[in-house]
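Asker: Compute the structure for the input listed below.
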Amino acid sequence: MKFNQSGIIMKEDYFRTNVQYKLEVIIILNKKQLSSQQTKQKVAEAARTLFGQKGYASTSIEDIVSATQISKGNIYYHFKNKEGLFLYLLEEWTLEWAEQFQAKKARYHTVKEQIIALVEHFVVDGFHHPLTRATNEFYATELITSPNQDKIEEMMHMYLRNYEELLAEGMASGEFKPDDARLLSIILEGMLAGIEFSTNKLELDEALNLYRKAIHVFLYGIAETNRS
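Answerer: The predicted structure follows:
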């Protein structure tokens, strides 16, 4: 550091030193932030595996501590509680599901094809995903008393928005007759959710055939067209 004849730090050196200090602080903060994010991801990955293996109720924070060697306090720093951690994983899954379908969507030329593909994506993804069993358990036993109803409802609405957008697009293109796209999306979601609880013991091919039949009934109905 240079001083002038009066012993005062020269402006150029002061500026250079100040900038260097700020850069060092930024680097330290970025490293801490990266380390924190890596810890959070490590917890999330271990929890996903444990929920998949043991289910929701049988997985404890202590199990996650044991699997990650990360303290309970550190886990609670990132996630409020076990339910908060589980919902974080569900939100990740929901966003991944939507992104994967959007990447496939362009392959199909009609809205009918897109809806069928969407349902098949719903089935195949759910059949293979490690959180499927724990999610069904959570919805059956914890949902009604959960303090996170709004968050869960928002995730469910993501599926509804996908259905509603496709149905509205089909109406606009003339593939579907004019109707209430929002109401139809609720009917479609209710049908798919209901079937999901009836296919737990089916093989993938059997489940796909059932869902394809259901979407065919949704799109075309069962009434004879030549009868009043």
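
Asker: does Phe176 really touch Tyr220, like I thought?
Answerer: No: in this structure, Phe176 is not within contact of Tyr220 by Cβ atoms under 8 Å, at 11.0 Å. The way it works is simple: take the backbone N, C-alpha and C, and place the C-beta from them, glycine included.

Asker: between the two, who's got more neighbours?
Answerer: Phe176 (19 against 10; other Cβ atoms under 10 Å).

Asker: pretty sure the more buried one belongs to a strand, no?
Answerer: No: the assignment for Phe176, made by DSSP: H, G, I helix; E, B strand; the rest coil, is coil rather than a strand.

Asker: For it, list the residues it contacts.
Answerer: Contacts for Phe176 (Cβ atoms under 8 Å, 6 or more residues apart in numbering) come out as 111, 167, 170.

Asker: go again using 7 Å as the cut-off
Answerer: If you count contacts by Cβ atoms under 7 Å, 6 or more residues apart in numbering, Phe176 has them with 167, 170.

Asker: Quick check: pLDDT value at it.
Answerer: Phe176 is assigned a predicted lDDT (pLDDT) of 95.

Asker: Tell me how many other residues surround Ala207.
Answerer: 20.

Asker: in a strand, that's where it is, yeah?
Answerer: No: Ala207 is assigned helix when assessed by three-state DSSP, not a strand.

Asker: Spatially, what comes nearest to it if we skip its sequence neighbours?
Answerer: Among residues not flanking Ala207 along the chain, Thr199 sits closest, at 4.4 Å (Cβ to Cβ, 6 or more residues apart in numbering).

Asker: Leu219 too?
Answerer: Lys112 (6.2 Å).

Asker: phi, psi of the one you found?
Answerer: Main-chain torsions, Lys112, degrees, to the nearest 10: phi -60, psi -50.

Asker: Please renumber the chain so that the first residue is 11 from this point on.
Answerer: Yep, numbering from 11; the last one is Lys122 now.

Asker: quick one: it and Phe228 touch, right?
Answerer: No: using Cβ atoms under 7 Å, Lys122 makes no contact with Phe228, being 10.5 Å away.

Asker: Closest to the centroid, which residue in the protein?
Answerer: Nearest to the geometric centre of the chain sits Thr104, at 2.2 Å (Cα atoms, centre = their mean).

Asker: show me what contacts Ala77?
Answerer: Contacts of Ala77 (Cβ under 7 Å, 6+ apart): 56, 60.
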